[in-house]
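Student: Take this sequence and fold it.
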Amino acid sequence: MAKTIHSMVRVLDEAQSIEFYSKAFGLEVVDRLDFESFTLIYLSNGESGFELELTVNKGRTEPYALGDGYGHLAVSVSDVEAEHARLTAAGLAPRKLVDFQNAGVKVAKFFFIADPDGYQIEVLQRGGRFQ
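Tutor: Numbering: from 1, shown residues only. Okay, the predicted model is just below:
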């Protein structure tokens, strides 16, 4: 059986991206692999063994075109309302909280936030299928 271990996003500004993911989600650098034309930076925290891989292509000056194929990353938190308030106070501009329902049954409570490169991250209330 396969085990999901990381997801990768290409970022333009390494320091800005590391600061965002640390401030927003408590992710810290756990490994860094430097190559001639690019650097791989792995971020994680104690909540899970899953890692976010930031790829920094050296010499790149133009923002990445995310296209229409990218969806989003998702994280779960124990108190989505408190997390929304914290991120708002930190100046990270989360979008509005949403109560998501299907046929009158609550599926999830969540909001989205964008990282410095425009990648969307869904922040979900922990519970049900969103552990």
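
Student: Only C-alpha atoms from now on, for both contacts and neighbour counts.
Tutor: Will do.

Student: Please pull out the lowest mean pLDDT helix or strand from this structure.
Tutor: Least confident helix or strand, the chain: strand 98-102 with a mean of 90, by mean pLDDT, DSSP states H and E.

Student: Beyond that one, next helix or strand please.
Tutor: strand 105-114 (DSSP states H and E).

Student: Could you count how many residues lie near Glu28?
Tutor: 19 (other CA atoms under 10 Å).

Student: residue contacts, it?
Tutor: Ile18, Tyr21, Ser22, Leu43, Ser44, Asn45 (CA atoms under 8 Å, 6 or more residues apart in numbering).

Student: Name the strands paired with the least confident helix or strand of the chain and say parallel or antiparallel.
Tutor: If you go by DSSP bridges, strand 98-102 pairs up with strand 105-114 (antiparallel).

Student: by contact count, what packs against the following helix or strand past the strand it pairs with?
Tutor: Going down the chain from strand 105-114, the next helix or strand is strand 120-125, by DSSP H and E. Under the contact criterion of 3 or more CA pairs under 8 Å, 6 or more residues apart in numbering; DSSP states H and E, strand 120-125 touches strand 73-77, helix 80-89, strand 105-114.

Student: Could you pull out the buried residues of stretch 38-56?
Tutor: 39-45, 50-56 (16 or more other CA atoms under 10 Å).

Student: Can you tell me which of the residues you listed end up in strands?
Tutor: The members of those that map onto strands under DSSP state E are 39-45, 50-56.

Student: hang on, the earlier thing: tell me the angle the least confident helix or strand of the chain makes with strand 120-125.
Tutor: Between strand 98-102 and strand 120-125, the angle comes out at 80 degrees (axes from the mean of the first three to the mean of the last three CA atoms, to 10 degrees).

Student: going forward can the numbers begin at 9, since that is how I track them
Tutor: OK, 9 is where the count begins now, so the last one is strand 106-110.

Student: So which residues make contact with strand 106-110?
Tutor: Lys114, Val115, Ala116, Lys117, Phe118, Phe119.

Student: Check whether the fifth one really touches Gly135, as I assumed.
Tutor: In other words, Phe118. No - using CA atoms under 8 Å, Phe118 is not in contact with Gly135, being 11.5 Å away.
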